[in-house]
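**Q** sequence below, structure please.
(chains A and B)
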Amino acid sequence: MRQSHLFTKTRKDAPKDEVSKNAILLTRAGFIHKEMAGVYTMLPLGLRVLSKIESSIRRHMDQIGNELLMTALSPKETWETTGRIETVDVLMKTLPANKVSEEKSSASYILGSTHEEMITPIAQEYTRSYKDLPVSFYQIQTKFRNEARAKSGLLRGREFRMKDLYSFHKDEDDLKTYYEIAKKSYLDIFREIGLGDDTFITLAGGGDFTKDFSHEFQTLCEAGEDTIYLDRKNNIAYNKEVVTDENAQKLGIDFTAFEQVKACEVGNIFPLNTKFSKAFDYTYTDENGDKKDVYMGCYGIGPTRLMGVIVEKYADDKGLIWPESIAPFSIHLLTLSKDKSGESYEKAEQLYKNLTDAHVEVLFDDREESAGAKFADSDLIGIPMRVVVSDKSLASGGVEIKERKSEKSEIVTIEQLLTMYTKEC
RNA sequence: CGGAAUGUGGUGUAACGGCUAACAUCCCUGGUUUGGGACCAGGUGACUCCGGGUUCGAAUCCCGGCAUUCCGACCA
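**A** Numbers count the residues shown, from 1 in each chain, chains lettered A, B, ... in the order given. You can find the predicted model right below:
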């Protein structure tokens, strides 16, 4: 993509209505645009990152589930069936927007904050035999939660992206088996998008869902809302909420020996068992023709929150630093020449063409800006590799390459650069 | 949902109760410049969040909303 065609611009000043690092940098670099507290538009650069995160999640989820797309609007009745219309305080309801529509219909709907109420009847309709089980469904979708306090930019929004996976099983053992598969898949995802080393499975309270512990995936992050008790050696953590004397005794654990760290919950998984299948009277027929309860699990990851966490963890004082796997582009190509008929400009154009022909994702800064402005923007946007084509670089034998995360730059020939990026494909 | 702070051109800031609301940046014109957010000249752009009140006079003081941020509670 040519930067001259990118409608967003960078800003030197931080927006005054943001304090969190992720919101400030993503706004300054033109990745997001705030609409309201906790509600952000994804601008082109932001959408590219979000899409990469979601693609990565999708690749892993396709191994263990069927993708579908449920509706964001849901009928009130289904929430009345489970009783959660009374107990889930983040539910948003639609209202007729004006007098005219009020006269037409006074119906109101629930905006989906989670989809157990919708997926269970779908599973019930299609999978009623032991031969159909286990089965699992997932979607990546925009969710709505009326958080009492949206905060920390992308970390806690009222409208956000979520990947939600639901699994259905013949019995508890089968659920447990799948639960472990899902757990592993989640760890693979976090590793792939660059959070592997700092993300820990964390035992937490099960909320309404279960009396047992549930599992959260917590990424070490100062801006996170949670505190976890971490045992790095054994690769396990406990959410502060379950660190009680009672649990210490029950589990035979000395929590004082654990490291206390701030973390952000990037995923969670729950064994729901029969909570929802009972509410919807969902049973299957077993080999003997008997009706049996269906066991269920649910598993969530928040792509927008992941994006925020990655910014919080990897940015420096100059701007964003994207991990390779989710960067909006692989290469930020800069020409320092404004003379569009000059040699260095033409070399840059040719290089841009060769790279994009080879399916390398390149952001080409072809704008008429000063060198300093281009470097500053490049640092702010945070694409992993910067490639500069200028009279100076050509005189030194080629193009200058510099990784965003490194201070060092080096000169390579154009052929060397092309080889580096095209032989991977 | 409780508490606190803040609302001024697109963005970031300034302005004692008193003159045409100032500065920077962005944007537009022209010129100059080209390896770390260049420079010169000119120009556009604000009912000072909304509604009341006090006052001869309100961006400024008071009351009520709304919005944003932070702290706390909450967080399927």
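**Q** got the buried residues for stretch A:76-94?
**A** Going by neighbour count (16 or more other Cβ atoms under 10 Å), the buried part of stretch A:76-94 is A:78-79, A:81-82, A:84-85, A:88, A:91-92. To be clear about C-beta, it is placed using only N, CA and C from the backbone, and glycine gets the same treatment.
**Q** that should have said stretch A:277-290, apologies.
**A** Neighbour count says stretch A:277-290 has A:277, A:279-280, A:282-284 buried, by 16+ other Cβ under 10 Å.
**Q** now the end-to-end length of it.
**A** Start and end residues of stretch A:277-290 are separated by 16 Å (Cα to Cα, to the nearest Å).
**Q** could you do stretch A:291-305 as well?
**A** 41 Å.
**Q** any part of it near RNA strand B?
**A** Yes: on the criterion Cβ under 7 Å from any atom of the strand, stretch A:291-305 is in touch with RNA strand B at A:298, A:300.
**Q** just how off-centre is that stretch within its chain?
**A** Averaging C-alpha positions (Cα atoms, centre = their mean, to the nearest Å) puts stretch A:291-305 17 Å from its chain's average.
**Q** okay, buried residues for that stretch please.
**A** A:292-305.
**Q** next up, the contacts around A:Phe364.
**A** Contact partners of A:Phe364, counting by Cβ atoms under 8 Å, 6 or more residues apart in numbering, are A:1-3, A:333, A:335, A:348, A:352.
**Q** returning to that earlier point: from the buried residues of stretch A:76-94, which two are the most distant?
**A** Spatially, the most separated pair among these is A:Thr81 and A:Met92, at 18.6 Å (Cβ to Cβ).
**Q** quick one: the closest residue to A:Ala23 other than its chain neighbours and A:Tyr166, what's the gap?
**A** Residue nearest to A:Ala23 in three dimensions, not counting chain neighbours: A:Gly153, with 2.9 Å by Cβ to Cβ, 6 or more residues apart in numbering. Distance of A:Gly153 to A:Tyr166, given as Cβ to Cβ, to the nearest Å: 29 Å.
**Q** same question for A:Asn22.
**A** In terms of Cβ to Cβ, A:Asn22 sits 29 Å off from A:Tyr166.
**Q** quick one on the thing from earlier: distance to RNA strand B, pLDDT and secondary structure added to the buried residues of stretch A:277-290, as TSV?
**A** Converted to TSV, the buried residues of stretch A:277-290 look like this (distance: Cβ to the nearest atom of the strand, whole Å; pLDDT from 0 to 100; DSSP: H, G, I helix; E, B strand; the rest coil):
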residue	distance to RNA strand B	pLDDT	secondary structure
A:Ser277	15	96	helix
A:Ala279	12	95	helix
A:Phe280	15	96	coil
A:Tyr282	17	97	coil
A:Thr283	22	97	strand
A:Tyr284	22	98	strand
